[in-house]
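Participant: Got a sequence here, can you build the structure:
(one chain, ligands or ions: 2)
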Amino acid sequence: MAPLENHRETMISTIQLNNTSPKFDTKIEKKYENQIVWKNVILLSILHGLVVYGFYLLFAGYGKWKVVLFNAVYWPFISIGITAGAHRLWAHRTYKANLPLRIYLMLAHTAAAQNHIYDWVRDHRVHHKYTDTDADPHNATRGFFFSHMGWLLYKKHKDVIEKGKTIDMSDILADPVLRFQIKYYYPLVFVMYFIPVVIPWYFFDSPLWHSFLTSTGRYVFTLHGTWCINSVAHKFGTKPYDKSIRAVDNSVMGPLGLGEGWHNYHHVFPWDYKTGELSGCKSNFTAAFIEFMAKFDWATDLKKASDEMIRKRVYRTGDGTWSKMDILKKCDFSNSEFIDNGESYWGWGDKDMKQEEIQAINKYNHIRDL
Ligand SMILES: [Zn+2]
Ligand SMILES: [Zn+2]
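Facilitator: Residues are numbered from 1 along each chain as shown. Ligands and ions are numbered 1, 2, ... in the order given. Below you'll find the model as predicted:
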């Protein structure tokens, strides 16, 4: 019981809400040996060059807008493999998915071509566990460009590699769907990348080269969307839940990132399938997708934070921008059961999660097995 009592004391002693955020140094103080990975520089340069050329063809009247429209409609079906799949299902274990849903999410993730899920998950778990330190693959303290895409152009910091080895990945290797993706990754990418190239070529009579350029435009757009969560959502926005971290809630990246831009919330409650307080198709398409899948029992054991947990955290560490601030005045937190020890977790199953916290979350979400 001692940790709970200590926690209450801490909470009561910090009862005053403080609206000021800590000031972060904008200068990058540390010097890093940035060893360039030329293979990635060349690949990303070619990709962006193709996008520029594709735009030229389109605006010069050679391309077809209905192919662009097809890719715009196709985009969320692919991106869901990143947001609902690699991120919320596999990296954070915020819910469970049955075999058909896991296969779909794996194929969608493969079509998005962001490396296989094992690497994606390991990098993301390290990001959450060691956020904004040298062990964070896209450490935002090294500047906006580094956190956006620069981290892919430089060799990994040794801390990223060392800490990456300490992350438990046994659950990923235990999933046969993910083992299949690792084994056949490049043939799968080839097939999944060319499906949206062939469809407009066949149905809209678009030259194959133009279909390829448009599809590549969608691919690069999706890449920047993912990267913006690491850069924009670690710099521009509010910190309603924890003002001591860099991650922010960004009201543009929230909806545009299919619900991934409520990043201050997400770093505080990484095991929550919504990754934000807001739900619904507009502001959190991915949460709506998971809830839809749950109606057919394809998605189960959805975990989300209770109002009480959210309010307590807002009360204790928020920056004062929480939209329902008035509610806090009526709350009595002194008799609260829930333990929120403020540790950094990579998600559900992190060895540093306290048993009391796991039990409280399970109880609230009516989950029986751990
Ligand atoms: Zn995450
Ligand atoms: Zn982050």
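
Participant: Tell me how far the host helix or strand of Ser79 lies from the chain's centre.
Facilitator: Under the assignment given by DSSP states H and E, the secondary-structure element containing Ser79 is helix 65-80. From the chain centre to the centre of helix 65-80 is a distance of 20 Å (Cα atoms, centre = their mean, to the nearest Å).

Participant: from here on, count from 7
Facilitator: Sure, I'll start numbering at 7, so the last one becomes helix 71-86.

Participant: Which secondary structure element is home to Phe295?
Facilitator: When secondary structure is defined using DSSP H and E, the element that contains Phe295 is helix 291-301.

Participant: so after the helix holding Ser85, what's the next helix or strand?
Facilitator: Downstream of helix 71-86, the first helix or strand assigned by DSSP H and E is strand 102-103.

Participant: Pull the distance from that following strand to the chain's centre.
Facilitator: That offset, for strand 102-103, works out to 17 Å (Cα atoms, centre = their mean).

Participant: mind listing what Lys146 touches?
Facilitator: I think there's a mix-up here, since residue 146 is Ala and not Lys. For Ala146, the contacting residues are Asp138, Phe152, Ser153, Asn236, Ser237, His240, Lys241, Arg252, by Cβ atoms under 8 Å, 6 or more residues apart in numbering. (Glycine included, C-beta is placed from N, CA and C.)

Participant: With Arg317 instead?
Facilitator: Ile333, Leu334, Cys337, Phe339.

Participant: Switch the residues you listed over to JSON lines; also include distance to Ile367, neighbour count and pLDDT.
Facilitator: Written out in JSON lines, the entries for those read as follows (distance: Cβ to Cβ, whole Å; neighbours: other Cβ atoms under 10 Å; pLDDT from 0 to 100):
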{"residue": "Ile333", "distance to Ile367": "21", "neighbour count": "13", "pLDDT": "84"}
{"residue": "Leu334", "distance to Ile367": "21", "neighbour count": "16", "pLDDT": "83"}
{"residue": "Cys337", "distance to Ile367": "19", "neighbour count": "14", "pLDDT": "79"}
{"residue": "Phe339", "distance to Ile367": "18", "neighbour count": "16", "pLDDT": "72"}
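
Participant: Model confidence score at Ser285, please.
Facilitator: Ser285 is assigned 82 on the pLDDT scale.
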